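Peer 1: only geometry, no sequence info:
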């Protein structure tokens, strides 16, 4: 069992080590990850400069590019045999609701899926990582269960979120839908040293919402959330309605 691991928090991220340890219990692991923080880079590619990759003493590859770059390089340059699975994470912070549109963690898994490889994105529900390692046994069991699925669904990746609680308090696994989150006051206005106005995106606070089966509710209630994500974003319910608009003249 060959497993490719990447992330968006960088090659030195604590969550990457936790994921590599968990995957190493069930297969041969190859790590290809960015050389620095690449959060919120989504599915971006580096097209306007060459990419450099360095082989580390532990065998991992660090790449001066995005998570998507890392998976592309791994599949086309570093792994003679295609991996059976791509795992991305463990992200420092949750990726629920609309986060999946921005997440480099989810994008790395999506790039594996684009190559026809079953792929999984895994995130941790807090930026305070104190309890992260205590989730190790749950993560091993979850990964073992995923790779044991006989027929992994096509065109679908799994988005996993771990609750930020001690491992012995995790209540189980729930299969969920995406919730919804709204950022408040995420644009900070500042002045540069010359008095010119600048803007900093991020910060503020988040309001989460979702039904009983949403990822947000599951993680809040102490469960591991597993959400199947489909890459095809077509709204099939509206196809006939849009055809009726007469947009073709």
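Peer 2: Nice, thanks for sending it over. Keep in mind it's a predicted model, so treat the numbers as computed, not measured.
Peer 1: which residues of this protein fall in strands?
Peer 2: 2-6, 28-34, 53-55, 61-63, 85-92, 119-124, 156-162, 173-175, 180-184, 187-191, 197-201, 205-209, 224-230 (DSSP state E).
Peer 1: Buried by neighbour count: which residues of the first one qualify?
Peer 2: What that stands for is strand 2-6. Neighbour counts over strand 2-6 (16 or more other Cβ atoms under 10 Å) mark 3-6 as buried. Bear in mind the C-beta positions are built from the backbone N, C-alpha and C, glycine included.
Peer 1: do the same with the third one
Peer 2: When burial is assessed from 16+ other Cβ under 10 Å, strand 53-55 yields the following buried residues: residue 53.
Peer 1: how far away is residue 210 from residue 247?
Peer 2: Separation of residue 210 from residue 247 (Cβ to Cβ, to the nearest Å): 34 Å.
Peer 1: who has more neighbours, the two?
Peer 2: residue 210 (19 against 7; other Cβ atoms under 10 Å).
Peer 1: residue contacts, the more buried one?
Peer 2: 97, 177-180, 216-217 (Cβ atoms under 8 Å, 6 or more residues apart in numbering).
Peer 1: repeat that for 6 Å
Peer 2: Contact analysis of residue 210 by Cβ atoms under 6 Å, 6 or more residues apart in numbering lists 179-180, 216-217.
Peer 1: ok, of these, which one's closest to residue 47?
Peer 2: The closest of the contacts of residue 210 to residue 47 turns out to be residue 180 (Cβ to Cβ; 32.3 Å).
Peer 1: Give me the local confidence score for that closest one.
Peer 2: Per-residue pLDDT puts residue 180 at 86.
Peer 1: Numbering from 18 from now on, please.
Peer 2: Yep, numbering from 18; the last one is residue 197 now.
Peer 1: neighbours around it, how many?
Peer 2: That count, for residue 197 with other Cβ under 10 Å as the rule, works out to 15.
Peer 1: now it, which residues is it bridged with?
Peer 2: Beta bridges link residue 197 to residue 226 when assigned by DSSP bridges.
Peer 1: For it, give its distance to residue 106.
Peer 2: Between residue 197 and residue 106 the computed distance is 22 Å (Cβ to Cβ).
Peer 1: who's in contact with residue 84?
Peer 2: Taking Cβ under 6 Å, 6+ apart as the test, what residue 84 contacts is 23, 25, 55, 121, 124-125.
Peer 1: related to what we said a few turns ago, got TSV for the buried residues of strand 19-23, with distance to residue 70 and pLDDT too?
Peer 2: Shown next, in TSV, are those (distance: Cβ to Cβ, whole Å; pLDDT from 0 to 100):
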residue	distance to residue 70	pLDDT
20	19	97
21	14	98
22	15	98
23	12	97
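Peer 1: Looking at those, which is nearest residue 37?
Peer 2: Nearest to residue 37, judged by Cβ to Cβ, of these is residue 22 at 5.6 Å.
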